[in-house]
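Q: sequence and computational prediction follow.
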Amino acid sequence: MRRNETLFDMADWLTDPPTGGPIQMWSVGVILSSIVTGYGVGCCILRRAITLNISQRGFRPLSQGFWLEIAGIHAVTFGLVVVSIGAFMHFQWFWGNHEKLAGYHEIGKYLSVLGLLIASVAHVYTMLVHT
C-alpha cells in the first residue's frame with residue numbers, strides 16, 4: 001500500500017454521497033455541524049478564538065502553550081474557516097441523507113469548499129501580513 005492512499009481514500013469518502021441514514025443525518029448533519037458553525041460565528045462576532053497551537057519549526061512560535069488565543073481580524077478569518085467547515089458538514093451529512101434535498105447537496109458542498117478555500121487564503125494572509 002502506498003503512503004498517500006489514505007489521503008485519496010479520505011477524499012473519496014468526502015466526495016461520495018453519505019450512507020449513514022437518519023442517525024448520521026441528525027447527529028453529524030445537524031448537531032455536530034451546528035456546534036462547529038456556532039463556534040465559528042462566535043469567533044467572528046466576538047473577534048476572539050481559541051484553537052490548538054500548531055506552530056511548526058521554522059516559524060516564530062505564536063504561543064508557548066497548548067492553546068493559541070487569537071484576536072481581531074485573525075479571529076474573524078479563522079471563524080470564517082470554521083463556519084465553512086460546519087457548512088460542509090451540514091450539506092454533506094444532512095442534505096446528502098435527506099430524500100428531497102439529496103439532489104442538491106453537491107451544490108452546497110462545493111460552495112462551502114470554495115468558501116473554505118477563500119477563507120483559508122484570507123486567514124493565512126492576515127496571519128502573515130498583520131502579525
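A: It's in. Numbering: from 1, shown residues only.

Q: the strands in the chain, which residues?
A: Assigned strands in the chain, in chain order: 48-52, 67-71 (criterion: DSSP state E).

Q: and the ones you listed, which one is worst for confidence?
A: Set side by side, the strands of the chain give their lowest mean pLDDT on strand 67-71, at a mean of 86.

Q: mind listing what's buried in that strand?
A: For strand 67-71, the neighbour count (16 or more other CB atoms under 10 Å) marks 68, 70 as buried. Quick note: C-beta positions are derived from backbone N, CA and C, even for glycine.

Q: next, the angle strand 48-52 makes with that strand.
A: Angle of strand 67-71 versus strand 48-52, following axes from the mean of the first three to the mean of the last three CA atoms, to 10 degrees, is 150 degrees.

Q: which ones are touching the residue nearest to Pro17 when sequence neighbours are not counted?
A: For Pro17, ignoring the flanking residues on the chain, the nearest one in space by CB to CB, 6 or more residues apart in numbering is Gly96 at 5.2 Å. Applying CB atoms under 8 Å, 6 or more residues apart in numbering, we find Gly96 in contact with 17-18, 29, 102, 105, 109.
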